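> Generate a structure from the sequence data that follows.
(chains A and B)
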Amino acid sequence: MRLARVIGNVVSVSKHERLEGIKLLVIEPIEPGGKKISKPIIVADYLSSAAGSLVFWIEDGATICKWMGKKSIPLRGAIVGQVDMIDLKDKVIEG
Amino acid sequence: MKLVKIIGSVTSTIKDDTLIGFKLLMVRTTGPDLKDTGDYYVAADTVGVGEGELVLIVTGSAAKQTATTKGKNIDATIVAKVDKINLEN
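Next comes the predicted model:
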């Protein structure tokens, strides 16, 4: 799993039928220190994450299909957990 | 597999059901010379390791190949604790 900060959501009316009912969020992969490590990406969310949440997400497409009980979905990346706290040796990061 | 160092632990209450019961650790990738290579993962522990230790993780679909992570929504698993790395030089 990778760490990221939710920075927004995506609204789409016309989309692939298998994407219907899936909440899409814009996330920004970050280091535990908060520094951005890559450009923002769009992933699925089932945990009602909101903008500003610190989350971890999976990059595995097959996992997502299995999770949603569908054979194949044109999607890669889903949020699987919201971070409450990261305990590093010298500091604690709150989600 | 990737060589990583454990830099901290992650606490999460709201998460996917299949992740319940797993210890999640924050890890940073390192080279064999133990220098940081600047990549981070949140990995599930199947071995029983602690902070500061040098371990091996598997990522992607291979992360689901251990007995405990089978069928779980995990794409980074800690699979071994490194005791020693022998390099030719």
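> helix/strand/coil for the residue positioned nearest the centre of chain B?
Geometric centre of chain B, nearest residue: B:Ile78, 3.4 Å, by Cα atoms, centre = their mean. Using DSSP: H, G, I helix; E, B strand; the rest coil, the structure places B:Ile78 in strand.
> List the buried residues for stretch B:12-21?
B:Ser12, B:Lys15, B:Asp16, B:Thr18, B:Leu19 (16 or more other Cβ atoms under 10 Å in any protein chain shown). C-beta coordinates here come from the backbone N, C-alpha and C atoms, glycine included.
> residue contacts, the residue nearest to A:His16 when sequence neighbours are not counted?
Among residues not flanking A:His16 along the chain, A:Pro74 sits closest, at 5.4 Å (Cβ to Cβ, 6 or more residues apart in numbering or on different chains). Contact partners of A:Pro74, counting by Cβ atoms under 8 Å, 6 or more residues apart in numbering or on different chains, are A:His16, A:Arg18, A:Leu19.
> quick one: the residue nearest to the centre of chain B from B:Thr66, how far?
Relative to B:Thr66, B:Ile78 is positioned 10 Å away (Cβ to Cβ, to the nearest Å).
> Quick check: neighbours shared by those two?
Common contacts of B:Ile78 and B:Thr66 (Cβ under 8 Å, 6+ apart): B:Thr46.
> Contact residues of chain A facing chain B?
Selection of chain A residues close to chain B by Cβ under 8 Å from any Cβ of the partner chain yields A:1-3, A:31-32, A:37, A:46-48, A:56, A:58-60, A:62-63, A:66-67, A:78, A:80-89, A:95.
> Might you specify the subset of the contacts of A:Pro74 located within strands?
Among the contacts of A:Pro74, none falls in strands (DSSP state E).
> For those, which single residue is the most surrounded?
When neighbours are counted by other Cβ atoms under 10 Å in any protein chain shown, A:Arg18 leads these with 15 neighbours.
> now it, nearest residue through space, not along the chain?
Excluding its sequence neighbours, the residue lying closest to A:Arg18 (Cβ to Cβ, 6+ apart) is A:Ile73, at 4.8 Å.
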